[in-house]
Structures are given as C-alpha cells and as structure tokens.
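Enquirer: Have a look at this fold, sequence not included:
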C-alpha cells in the first residue's frame, strides 16, 4: 500500500541535479537528449490519472515532474505502464518513476529517492457496535500461558498497534530496544564503578545529540562494539526474570 510518496530517480541521474539551482540540460544524462521521460501507472488519482481527452496523463505527480523538467530545461514525456514491474523500466524505458511510490527499505537498496512530498496514513473502519473476535482469539492464543485476564482483552489492538506487524519497519522498534539496553548498560556500569561513574555520565550527557552514539560512548571509555557492555545490560534483566520465575513457582507450589 502506498504511504510515503516519492519520485524514484534512475541510477543514471543524480538527485542533486534535479534540485540544483543552476542545472543545465547538458549536465543531466537522460535516455533521450533534451527529454525527461517519466514512467507511471495512470490509475492513482489525484496523483496520476488519464485526462478527459482519454490520452494525456494529469495529476499532482505529473505537475511535480513537469516543474522538474522545466527547471532542468528539458521536455517531459510520460510513459504509462503497469505498476507491477514498473521499477524494471528505470534507465531502460524511462528516466524516472513518479507514480505514488512508497519508500521501502528494499527499494532503497536499488534506487535513489527524492524526499517524500506526501505522507498518507492508513485507517481501517469497522462498525462501532461490532466486536473483533479474531483479535480476541489471537490474544488468547498468544498470551494464554501468561495467565491473560479475560477482562483485559483489547479488540482493536490490531488497529492501534499496527507497526507491530510491519516487517519492513524494523527501524521503528529498534531504537526502543537499543535505548533501553544502552541505559541499562550505563546503570550496570554505575553499579561497578560507583562514584567514579559520574564524570563519565556527565561527558555522555554533554555530547549526546552532537555526535554518533558510538563516539558519544567512546568519549566515556565505553566501546559499544564489544559484547561485554550489552551482556551486562541483559544480565540485569536476566536476574529480574529469574526472580519472577522463582516467585511464580513459589506461588504455584
């Protein structure tokens, strides 16, 4: 589904050329001299659609690409194609793709994108007086061994926590896990060093936000590439889990 819409720039054409203030036609290599060829599927109004004349393609994407072509001193030519396989035509049948394209991690490995110019949010609408039994069934199955309270079932968890199920959004959850373990690793370091820890901690606070996390940590003599720091953080939670397990076993006995 299309959420972040962007121009896909062919590898043969530098993004900096598109936005250059003084770009000239001779600086841009296109498939056809003097022409910027744009690939799209004309079936996503208001972004691209066939005009009333039944032939020309109009829409927001086409307006944007017309402005880009004008900026570069090129003539714009549109090539319509099916969205399935549209990226295979970049550099072969057209110079760029501008067709309500979603930016994904996989696509970024092979193509250059402009900055997103539209952010579109997805929503699922269900009757207000209807339950969602599938969500209840899923929660019971996943959490049954943890003693799930039947009064705490959340029928719309699938809607309000949709990022849980987005496999290509790993960057969303990673910072939370990283931040938690980093903070816990600092706590474990304080337990080891005592008062000697505070000068290091002040250094980290002073440099946070102005350098990479690796360099910030290194300024306090912490090497994030070594497993020891992370193992100390994990050990902190392992002890708590052991304690929880002991309490549960004691209660069940």
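Expert: That came in fine, so what should we check first? No experiment lies behind these values; they were computed from the predicted model shown. Numbering: from 1, shown residues only.

Enquirer: low-scoring stretches of the stretch 101-250 of the chain, by residue?
Expert: The model of the stretch 101-250 of the chain has pLDDT under 70 over residues 121-132, 158, 161-172.

Enquirer: need the strands for it, in chain order.
Expert: Per DSSP state E, counting those that start in this stretch, the stretch 101-250 of the chain carries strands over the ranges 112-113, 118-119.

Enquirer: Just say which of those strands is most tucked in.
Expert: strand 112-113 (a mean of 16; mean count of other CB atoms under 10 Å). C-beta coordinates here come from the backbone N, C-alpha and C atoms, glycine included.

Enquirer: partners of that strand in the sheet?
Expert: strand 4-9 (antiparallel) (DSSP bridges).

Enquirer: Need the strands of the stretch 101-250 of the chain in a markdown table (columns: distance to residue 47).
Expert: A markdown table is the format used below for these (distance: least, CB to CB, whole Å):
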| stretch | distance to residue 47 |
| --- | --- |
| strand 112-113 | 16 |
| strand 118-119 | 8 |
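
Enquirer: nearest to residue 225, of these?
Expert: strand 112-113 (30.0 Å; CB to CB).

Enquirer: tell me the pLDDT at the spatially closest residue to residue 51 that is not a sequence neighbour?
Expert: The shortest distance from residue 51 to any non-neighbouring residue, by CB to CB, 6 or more residues apart in numbering, is to residue 58 (4.6 Å). Residue 58 is assigned a pLDDT of 95 by the prediction.

Enquirer: close enough to count as contact, residue 79 and residue 41?
Expert: No: checked against CB atoms under 8 Å, the pair residue 79 and residue 41 is beyond contact range at 10.3 Å.

Enquirer: Does residue 140 touch residue 148 like I think?
Expert: Yes: taking CB under 8 Å as the definition, residue 140 is a contact partner of residue 148 at 6.5 Å.

Enquirer: ok, residue 234 to residue 217 distance?
Expert: 17 Å (CB to CB, to the nearest Å).

Enquirer: neighbour-wise, which of those two wins?
Expert: Higher neighbour count among residue 234 and residue 217: residue 217, with 23 against 14, using other CB atoms under 10 Å.

Enquirer: Excluding residues flanking it in the chain, which one is nearest the more buried one?
Expert: Nearest to residue 217 is residue 224, by CB to CB, 6+ apart, at 5.0 Å.

Enquirer: Which residues belonging to the host helix or strand of residue 61 are considered buried?
Expert: Per DSSP states H and E, residue 61 falls inside helix 60-72. For helix 60-72, a neighbour-count test (16 or more other CB atoms under 10 Å) marks 60, 61, 62, 64, 65, 66, 68, 69, 72 as buried.

Enquirer: Out of the strands of the stretch 101-250 of the chain, which is closest to residue 228?
Expert: Here strand 112-113 is closest among the strands of the stretch 101-250 of the chain (CB to CB), at 38.7 Å.

Enquirer: And the closest one, how far out from the chain middle?
Expert: 14 Å (CA atoms, centre = their mean, to the nearest Å).

Enquirer: can you check stretch 207-214 too?
Expert: Here stretch 207-214 is found 22 Å from its chain centre; the criterion is CA atoms, centre = their mean.
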